[in-house]
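Participant: A structural model of the following input is requested.
(chains A and B)
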Number of protein chains: 2
Amino acid sequence: MCGTDAPDAAGPVSNGSHASKANTASSPYQNVNDFISNVARFKIIESTLREGEQFANAFFDTETKIKIAKALPVSSPQSYEDCKTICGLGLKAKILTHVRCNMEDAKKAVECGVDGVDLVIGTSSFLQKYSHGKTIAIIKETALEVIQYVKSQGVEVRFSSEDSFRSDLVDLLSLYKAVDQAGVNRVGVADTVGGATPRMVYDLIRTLRGVVSCDIETHFHDDTGCAVANAHSALEAGATHIDTSVLGIGERNGITPLGALMARMVVTAPDYVINKYNLKALKDLEELVASSVQINIPFNNPITGFCAFTHKAGIHAKAILANPSTYEIIDPAIFGLTRYISINSRITGWNAIRARCEQLGLKMTDDEVKEVTAKIKKMADIRPLAIDDTDSILHSYHIELQKKQAQQV
Amino acid sequence: MCGTDAPDAAGPVSNGSHASKANTASSPYQNVNDFISNVARFKIIESTLREGEQFANAFFDTETKIKIAKALPVSSPQSYEDCKTICGLGLKAKILTHVRCNMEDAKKAVECGVDGVDLVIGTSSFLQKYSHGKTIAIIKETALEVIQYVKSQGVEVRFSSEDSFRSDLVDLLSLYKAVDQAGVNRVGVADTVGGATPRMVYDLIRTLRGVVSCDIETHFHDDTGCAVANAHSALEAGATHIDTSVLGIGERNGITPLGALMARMVVTAPDYVINKYNLKALKDLEELVASSVQINIPFNNPITGFCAFTHKAGIHAKAILANPSTYEIIDPAIFGLTRYISINSRITGWNAIRARCEQLGLKMTDDEVKEVTAKIKKMADIRPLAIDDTDSILHSYHIELQKKQAQQV
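Facilitator: Just a heads-up that it's a prediction; the model follows:
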């Protein structure tokens, strides 16, 4: 199981969303930045091809892996090269391997010629008891031996605990401190069961930030719907790296989704995200992965869910037409998408209908628009209307108006 | 647009999940409870029939509304009676109405004979400028007049700001303080554009908790994937009520989903949630609403997503078989569901295969299980396997074993 780092990629980007910038500036809270916060300098560990393979429906053949790797919006030429190697194409690239934290696995990894070894061990009482059966003292002793060995072979080494949030805090800190002093390049914290909350994450990462000097990678499962928020909290507390996968696919209901994290971070740190990532590639990438693992993009997916930029209530539509930032925290154009103002419902308003009339080139006075709005609302109260239905009502009303005017002339 | 409170309902529940209790006890973080925290005494405002109607696909006719109201897991006889009235059936019940904060709307609401009026006004600079055009001073003056009028009519009154997190903090607190002193029953805070983070929420609600003495209701949109975590943070900071809808349906990509919030809260406060809510009704309820608005339940939905309790990686499956809490923060049985250990992939392990053999009644030694596991992993490396395929491999291997044994005898 391998992962790739692609922190330095930058595709062609549309710089400068007025909406995001305005939103950021307008929030009294956005400006409270701690010096430890990494929200505007985070890196992503894209692990669709590692964690993603643990998703129930996933079976990635070589061709699919290459397709996904090519499409990753964080993908740099280097990360693509990495993936080619991961796919067994035998080319020179940087390879990282996840292995259990024991000498046997580490030796195998080093013998394979990897560039980096990520040592993983469960530290919760559950995993100590039911998975590997080792005490924290033995885990620490073994970890230090293995780290020393891996370093002696000139190979990069990282150390991650599993189920970190159900591990004893003192044990955990003592373990991380020891491996940091032993010279690991990065430590990893994982909410393996998906039960952590943002405040737990902030507390643990902030404490850890004062204990180790190396980078901190974080990994959040989404069982309780907090994987995106937990990633954000981790960055605020000083974590440097976030694990993601496309659409969050992974074990059980998955991990922090790349797209939702982009939605979150583009609001928190618009300049950094817009300049670093090719956000317009997101929709195609998600569609590729969704079709590879035979799932639908969730209706409520941030950014790419089918109604993420659909405005329906009349009072919302009115304000959106005056200024999209009133009811949009993200400008859809940043992701190459457009907004849609729904008018075919009983909760529509006449401002939205007027905008639609303008789109259709139908000239009406405000009073006329209000009259046809009442007709549409009445109709929509009886049965669901499609956009075609609404347009038909507008057209036929407009024809009636023209007839009347012709009669008057 | 109406909403119903149903805080006191309790269906038949299976008490005492060993898993949840054990998990809670085992976390060093779960025990940090502030005295202001309401995580173990929160109430839900179920607004599928209000916010939900703002969802792009929603058209609820009377029959559908009654069906949904009947199926709500938080539903009490009273809340059903409420819904009947909301549906225009003319029976005595408590009715709350959302109206814009002006005398005209308030008078209409009171004339309708409602029991409660929820006054809503946008307080962000965006909404002040592009929606209603009022300054904070005018908003406050109007609000106080309207509140006095509504109270004088013997009607319950609540006051909510819209887009609270992009409003000036001092303006907001001054407004809430004034309406609290004027005697509103509850104030509402809304992340109308879905851009807030858990720390922003905690800061604002905690500050507000010290400013007003009435209940605090909160409403979170999910545009940046934080709606569940924000609800949790709000409760930690002293909010009393959370708005939800089934599957989160609402304007744009929606609000805090009822099911995901239940997943979150059953981990944070298992006893409270298990005893208060009929969690086994969740799946049917979600299916009813999904079919009413023609959407699929997202693949990654907490609890009810098709793979929420599917375990795939060999190392996970082994531990899950020894103790489900190792890789499950929630016991699926609490929701009337079961876990599934996937064995038809190349990342399966022999412990999972052994468990499947036991389920199928196929007796094998550990070495034999390891041999057939290798066969399955090899096969799964070539093409995706269905569970039937894997079972066939196990059966045919077992038949071969029996033949060999027969020959030896």
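Participant: what residue ranges in the stretch 1-150 of chain A score low on pLDDT?
Facilitator: A:1-34, A:69-95 (pLDDT under 70).
Participant: And the strands in it?
Facilitator: Taking DSSP state E, counting those that start in this stretch as the criterion, the stretch 1-150 of chain A carries its strands at A:2-5, A:43-46, A:96-100, A:116-122.
Participant: Strand A:96-100 and the last one, what's the angle between them?
Facilitator: Following axes from the mean of the first three to the mean of the last three CA atoms, to 10 degrees, one obtains 30 degrees for the angle between strand A:116-122 and strand A:96-100.
Participant: which residues are contacting strand A:116-122?
Facilitator: Outside of strand A:116-122, the residues within contact range by CB atoms under 8 Å, 6 or more residues apart in numbering or on different chains are A:3, A:94-101, A:106, A:109-110, A:128, A:131-132, A:134, A:139, A:143, A:146-147, A:150, A:155-163, A:185, A:188, A:192, B:319, B:326. Yep, even glycine has a C-beta here, placed from its N, CA and C like the rest.
Participant: now it, how far from the centre of its chain.
Facilitator: Centre-to-centre, strand A:116-122 and its host chain are 24 Å apart (CA atoms, centre = their mean, to the nearest Å).
Participant: Adding mean neighbour count, write the strands of the stretch 1-150 of chain A out as a markdown table.
Facilitator: Shown next, in a markdown table, are those (neighbours: other CB atoms under 10 Å in any protein chain shown):
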| stretch | mean neighbour count |
| --- | --- |
| strand A:2-5 | 22 |
| strand A:43-46 | 24 |
| strand A:96-100 | 20 |
| strand A:116-122 | 25 |
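Participant: Just to be sure, residue A:189 is in a helix?
Facilitator: No - using DSSP: H, G, I helix; E, B strand; the rest coil, the assignment for residue A:189 is strand, not a helix.
Participant: ok, it to chain B distance?
Facilitator: The spacing between residue A:189 and chain B, counted by CB to the nearest CB, to the nearest Å, is 13 Å.
Participant: just checking, that residue touches residue A:164?
Facilitator: Yes - between residue A:189 and residue A:164 there is a contact under CB atoms under 8 Å: 4.6 Å.
Participant: any weak-confidence spans in the stretch 201-350 of chain A?
Facilitator: Applying pLDDT under 70 to the stretch 201-350 of chain A flags residues A:314.
Participant: repeat that for 90
Facilitator: Within the stretch 201-350 of chain A, the stretches with pLDDT under 90 are A:276-278, A:281, A:284-285, A:289-296, A:306-328, A:338-350.
Participant: now the strands: where do they sit in it?
Facilitator: All strands of the stretch 201-350 of chain A, identified by DSSP E, counting those that start in this stretch, fall at A:215-220, A:241-244, A:310-311, A:340-341.
Participant: which one of those has the most crowded surroundings?
Facilitator: strand A:241-244 (a mean of 26; mean count of other CB atoms under 10 Å in any protein chain shown).
Participant: touching chain B at all, that strand?
Facilitator: No - contact between strand A:241-244 and chain B is absent, the nearest approach being 11.6 Å (criterion: CB under 8 Å from any CB of the partner chain).
Participant: Check what contacts that strand and list those residues.
Facilitator: Residues contacting strand A:241-244 (CB under 8 Å, 6+ apart): A:3, A:5, A:7, A:42-48, A:51, A:186, A:215-220, A:231, A:234-235, A:255-258, A:261.
Participant: and with 6 Å instead?
Facilitator: A:43, A:44, A:45, A:47, A:217, A:218, A:219, A:231, A:256, A:258, A:261 (CB atoms under 6 Å, 6 or more residues apart in numbering or on different chains).
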